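**Student:** Pasting the sequence and the predicted model now:
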Amino acid sequence: MKALNLNFGQTRLWWLIVLVGILLVLGGFAYWFWPVAGYAVASQLFGWLLILAGIIQLCVAAGPNTPRGWGWWIAGGVINMFVGFMMVRSILLSELVMPYFLAFIFIFWGLEAIVSISYRGTGKYWWLNLINGILLCLIGFFFLEAGYLSDMWMTSFLASIAFIYWGFTVAMTGYTLKPYNDK
């Protein structure tokens, strides 16, 4: 969902990516039908994923092949771990701030997809990045509205829609990785 680019290459394990997409769609529908339990679980999972992302960022910054801007990697890793620990520590806090974090992430991914049109070149499917970016920005703005209203039901509904959309995007991307000579 983050970057819809239909020119990745080919792999024999394309079906694993399609399977992940299908599981995301199923998880989105489960979240849709059981929003209260899903909201508490999703907020805690988001906190643990932030901790994991922070650890990975710190490991990348401290590794032998240090990327350019390694200071930003360290700062991002520390911030992610701090926010993740705060969310895991308190379920109430994580449920209150989750819509704002999701809004920020979706708006960032949407703007990244829209801006990526200019530096990835205008290929045959440039318009898919544009549509993907617009949809991600819309979902992000709806998350902002849900957080402002402190509406758990709207946040759960939007998160389920995001999971379903993300699952379809991942499954379509996985299908494009299928080798041509694979029977």
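**Tutor:** That came in fine, so what should we check first?
**Student:** okay, now L128: neighbour count?
**Tutor:** 17 (other Cβ atoms under 10 Å). No exception for glycine: its C-beta is placed from N, CA and C like everyone else's.
**Student:** Show me which positions of the helix or strand that contains it end up buried.
**Tutor:** Using DSSP states H and E, the element containing L128 is helix 126-149. Residues of helix 126-149 classed as buried by neighbour count (16 or more other Cβ atoms under 10 Å): 128-129, 132-133, 135-137, 139-140, 142-144, 146-147.
**Student:** Could you say which helix or strand holds Y175?
**Tutor:** Per DSSP H and E: helix 152-176 holds Y175.
**Student:** To clarify, my last question referred to P179.
**Tutor:** Here P179 is assigned to no helix or strand, by DSSP H and E.
**Student:** Got the phi and psi for it?
**Tutor:** phi -60, psi 150 (degrees, to the nearest 10).
**Student:** what's the answer for W34, then?
**Tutor:** phi -130, psi 70.
**Student:** quick one: it and L135, what's the gap?
**Tutor:** 25 Å (Cβ to Cβ, to the nearest Å).
**Student:** got it, and W15?
**Tutor:** Applying Cβ to Cβ, the value for W15 to L135 is 26 Å.
**Student:** Ok, A53 next?
**Tutor:** 23 Å.
**Student:** got the angle between the helix or strand hosting L93 and helix 152-176?
**Tutor:** L93 belongs to helix 91-120 when assigned by DSSP H and E. Taking axes from the mean of the first three to the mean of the last three Cα atoms, to 10 degrees, helix 91-120 and helix 152-176 form an angle of 40 degrees between their directions.
**Student:** Can you mark which positions in helix 91-120 are buried?
**Tutor:** 94-95, 97-99, 101-103, 105-107, 109-110, 113-114, 116-117.
**Student:** and what of stretch 72-90?
**Tutor:** Here stretch 72-90 shows 73-74, 76-77, 80-81, 83-84, 87-88 as buried, counting by 16+ other Cβ under 10 Å.
**Student:** what's next to that stretch, contact-wise?
**Tutor:** 43-44, 46-58, 60-62, 67, 93-94, 97-98, 101 (Cβ atoms under 8 Å, 6 or more residues apart in numbering).
**Student:** and with 10 Å instead?
**Tutor:** 43-63, 66-67, 69, 93-98, 101 (Cβ atoms under 10 Å, 6 or more residues apart in numbering).
**Student:** Now do it: distance to the chain's middle.
**Tutor:** 17 Å (Cα atoms, centre = their mean, to the nearest Å).
**Student:** Quick check: mean pLDDT of that stretch?
**Tutor:** Mean pLDDT, stretch 72-90: 82.
**Student:** swap in stretch 54-64?
**Tutor:** Stretch 54-64 comes out with an average pLDDT of 79.
**Student:** how far away is A113 from S156?
**Tutor:** 24 Å.
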